[in-house]
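Student: Got a predicted model here, sequence first, then my questions.
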Amino acid sequence: MRNIKEWGFCLNIWKIRKCTIPLKSRLHLSSSEAVQQSLLPPQNMEKSDDRREVVLLATGSFNPITVMHLRLFELARDYLHETGKYKVIKGIISPVGDGYKKKGLIEASHRLAMANLATKNSNWIEVDSWECSQKEWMETVLVLRHHQQKLANANTSDSSEKVVHKKGHKRKRENSYQDKTDRCLQESKVMPQVKLLCGADMLESLGKPNLWKNEDVIEILSSFGIVCITRLGSNASNFIYESDILWKYKHMIHLVEEWITNDISSTKIRRALRRGMSIRYLVPDSVVEYIENHELYNERSEERNSGIILEPLARNSKNS
Ligand SMILES: Nc1ncnc2c1ncn2[C@@H]1O[C@H](COP(=O)(O)OP(=O)(O)OP(=O)(O)O)[C@@H](O)[C@H]1O
Ligand SMILES: NC(=O)c1ccc[n+]([C@@H]2O[C@H](COP(=O)(O)O)[C@@H](O)[C@H]2O)c1
Ligand SMILES: [Zn+2]
């Protein structure tokens, strides 16, 4: 754990480094002169990338996963990259646990398996089973915190590995001024930010009484941020305008327009399956095959949790 003094130290060094960049022009140095004087990195060194690294986390039922769920990630990544400020390093699909008690929600093991099949060909989207392997349904803010913490842990172990490596080479510089500075700079820059990825209907659900706690919405917005993809039937920008909380944190919401509109939803996929209609090209082929092999989604599965109150509603109305 870094103490306040050390953070202050990092900040000062960062300020000093920032100041060295315009220094080059003030001193009228050529690039090679500046390199010699360590003001600029040499040409053959990798250019520094100031973009904030982002991990996109999509939560939901994925009952079953559709091609639209996968599109959300591609749209969000393109959008964030186009801002020039962010670099998306990973996408995570986190299916909700069975304790969510949504009508028609089939077992998490099947939803997880289908999501794994659907993302098999992606080199950046993965599926995480942590949320759905919990005994009880959990608030989305806890899932975001979990993944942010995981990144923080990975980051810390990365930097200790670097120290071990240096020790191995008998370069015991880790306590030196330069080393501390480099580690501070690396850690504060490298630490990626988890952001919640959702469709406009999920954003609108934030306003439903008893579904989300106000403090959770505030934490999601202020500590993580939301990337929201427009969806037919929802008006995200109007919802942001009408909600005082969302309006206050609108700078933490990235609204992404899907121009190639497509009204695919898991509800419609399940409906088609109940009616014996094809779902080919709406979900990946491997998922179609999995559904057929396991005979998922029928009249009976649609009645699962029927008459049971959705867990967040039950929990929040109990506590209010
Ligand atoms: N066509 C779509 N456009 C935009 N967002 C979508 C679309 N389909 C799903 N999403 C988003 O994907 C996330 C997971 O959604 P979910 O698993 O509920 O899928 P769904 O298609 O909405 O399913 P269901 O019909 O069962 O509610 C949510 O944030 C949802 O808004
Ligand atoms: N209070 C909360 O944290 C809260 C409330 C409602 C839904 N959710 C989440 O939003 C997602 C909604 O998924 P569906 O659109 O499939 O119902 C799920 O991941 C669910 O856990 C979170
Ligand atoms: Zn939905």
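Tutor: Perfect, thanks for sending it. Quantities reported herein were computed from a predicted structural model and do not represent experimental measurements. Ligands and ions are numbered 1, 2, ... in the order given.
Student: Please, where are all the helices along this structure?
Tutor: 4-26, 31-36, 67-83, 108-118, 140-168, 177-190, 200-205, 214-219, 236-242, 244-248, 266-274, 285-293, 299-302, 311-319 (DSSP state H).
Student: can you list the residues of the stretch 101-250 of the chain near ligand 2?
Tutor: Contact residues (CB under 6 Å from any ligand atom) of the stretch 101-250 of the chain with ligand 2: 102, 139-141, 202, 211-212, 216. Using the backbone N, CA and C atoms, a C-beta is placed for each residue, glycine as well.
Student: which residues does the nearest residue to Ile218 once chain neighbours are set aside contact?
Tutor: Excluding the flanking residues, the one nearest Ile218 by CB to CB, 6 or more residues apart in numbering is Ile245, at 6.4 Å. Contact analysis of Ile245 by CB atoms under 8 Å, 6 or more residues apart in numbering lists 206, 214, 217-218, 221.
Student: dump the residue contacts of the residue lying closest to Leu117 once chain neighbours are set aside.
Tutor: Of all residues not flanking Leu117 in the chain, Ser286 sits nearest, at 4.0 Å (CB to CB, 6+ apart). By CB under 8 Å, 6+ apart, the contact list for Ser286 reads 117-118, 120.
Student: one more time with 10 Å, if that's ok
Tutor: 113-114, 116-118, 120-121 (CB atoms under 10 Å, 6 or more residues apart in numbering).
Student: And the pLDDT at Asn319?
Tutor: pLDDT, Asn319: 73.
Student: I'd say it and Asn210 touch.
Tutor: Yes: checked against CB atoms under 10 Å, the pair Asn319 and Asn210 is within contact range at 9.2 Å.
Student: So those two - more neighbours on which side?
Tutor: Neighbour totals were compared for Asn319 and Asn210, and Asn210 leads with 16 against 8 (other CB atoms under 10 Å).
Student: so where's the protein shaky on pLDDT?
Tutor: 1-47, 157-190, 320 (pLDDT under 70).
Student: how about the residues of it that lie near ligand 1?
Tutor: Going by CB under 6 Å from any ligand atom, the residues of the chain near ligand 1 are 58, 60-63, 68-69, 72, 198-199, 201-202, 229, 231, 262, 264-267.
Student: picking that back up, of the contacts of Ser286, buried ones?
Tutor: 113-114, 116-118 (16 or more other CB atoms under 10 Å).
Student: wait, which of the residues you listed is closest to His81?
Tutor: Of all the buried ones among the contacts of Ser286, His81 sits closest to Ala118, with 22.5 Å by CB to CB.
Student: how far away is the closest one from ligand 2?
Tutor: Per CB to the nearest ligand atom, to the nearest Å, Ala118 is found 16 Å from ligand 2.
Student: Then Leu57?
Tutor: 10 Å.
Student: Is that residue in contact with Leu142, as I believe?
Tutor: No: look at Leu57 against Leu142 with CB under 10 Å: they stay out of range, at 11.8 Å.
Student: between these two, which one's more packed in?
Tutor: Leu57 (25 against 12).
Student: Find the nearest non-adjacent residue to that one, please.
Tutor: Ile92 (4.8 Å).
Student: okay but the one you found is in contact with Ala58, surely?
Tutor: Yes: between Ile92 and Ala58 there is a contact under CB under 10 Å: 7.1 Å.
Student: Common neighbours of these two, please.
Tutor: 73, 125, 197.
Student: I'd say the first one and Ser122 touch.
Tutor: Spelled out, it's Phe73. Yes: using CB under 10 Å, Phe73 is in contact with Ser122, at 7.9 Å.
Student: higher neighbour count, these two?
Tutor: Phe73 (23 against 14).
Student: Contact partners for that one?
Tutor: Contacts of Phe73 by CB under 10 Å, 6+ apart are 56, 58, 88, 90-93, 119, 122, 124-125, 197, 227, 229.
Student: of all the residues you listed, which comes closest to ligand 2?
Tutor: Closest approach between those and ligand 2, by CB to the nearest ligand atom: Ala58, at 8.5 Å.
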